[in-house]
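S.K.: Here is my input, please return the structure:
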Amino acid sequence: MQVKVSTKGRYALRVMIDLAQHTKDGFISLKEIAERQEISMKYLEMIVGILNRADFVISLRGKSGGYKLAKPAKDYTVGAVLKLTEGSMAPVNCIESGVNLCERAQSCITLPMWKGLDKVIDDYLESITIEDLVENQLAEGGDNYSI
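M.R.: Below is the predicted model of the structure:
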């Protein structure tokens with residue numbers, strides 16, 4: 001079993017953290033984010049599009065345009081960002097949609113274990129906010145981070 005977060009999910013977290021770190025700067029251009037995060041503009045446009053459609057970020061067109069968080073960083077959990085970009089963080093397919101269509105579900109001895117693992121993962125990711133990540137980085141004494 002491998003529960004992996006794709007580059008899309010990791011980069012979405014990096015974008016959200018970057019915007020949180022620069023919230024006092026107002027709207028941040030994609031060019032600035034791309035340079036700081038070393039993400040290609042094309043990939044960044046796709047990720048920010050996902051975040052924008054979900055109202056995680058606000059966009060402003062024009063000379064002083066760019067993106068900023070739609071709400072305070074404390075209102076976004078890591079779990080919410082990853083669920084938006086990854087779809088599901090479920091460790092096995094049979095519990096991904098919430099409705100188990102597996103013909104063995106009634107007799108599956110491991111199903112409760114998988115549901116428990118899913119709950120642990122979800123509870124953990126929902127307990128960490130973007131603000132927590134930013135504050136933790138500041139407490140560590142730097143403004144560079146790797147996700």
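S.K.: In the protein, where is pLDDT below threshold?
M.R.: Confidence mapping of the chain against pLDDT under 70 gives the ranges 1-3, 98-101, 137-147.
S.K.: Would you enumerate the residues in contact with the residue nearest the centre of the chain?
M.R.: When CA atoms, centre = their mean is applied to the chain, the residue found nearest the centroid is Val81 (2.7 Å). With contact taken as CB atoms under 8 Å, 6 or more residues apart in numbering, Val81 is in contact with 9, 12-13, 16, 56, 130. Every C-beta, even on glycine, is put in place using the N, C-alpha and C of the backbone.
S.K.: What segments of this protein are strands?
M.R.: 57-60, 66-69 (DSSP state E).
S.K.: From Gly116, how far off is the residue of the chain most remote from its centre?
M.R.: The centre of the chain is farthest from one residue, Ser107, which by CA atoms, centre = their mean lies 34.9 Å away. Distance of Ser107 to Gly116, given as CB to CB, to the nearest Å: 18 Å.
S.K.: And Cys108, by the same measure?
M.R.: Counting by CB to CB, the gap from Cys108 to Gly116 is 13 Å.
S.K.: Do I have it right that Ser29 meets Gly65?
M.R.: Yes. The criterion here is CB atoms under 8 Å, and Ser29 meets it with Gly65 at 7.2 Å.
S.K.: Number of residues surrounding the residue nearest to Asp18 when sequence neighbours are not counted?
M.R.: Distances taken as CB to CB, 6 or more residues apart in numbering put Ile33 closest to Asp18, at 5.3 Å, once the chain neighbours are dropped. For Ile33, the neighbour count with other CB atoms under 10 Å is 22.
S.K.: again with Val15
M.R.: If we define neighbours as other CB under 10 Å, then Val15 has 27 of them.
S.K.: residues in contact with it?
M.R.: Counting by CB under 8 Å, 6+ apart, Val15 has contacts 33, 37, 39, 44, 47-48, 51, 57.
S.K.: redo that, cut-off 10 Å
M.R.: 28, 30, 33-34, 36-37, 39, 44, 47-48, 50-51, 56-57, 67, 69, 81 (CB atoms under 10 Å, 6 or more residues apart in numbering).
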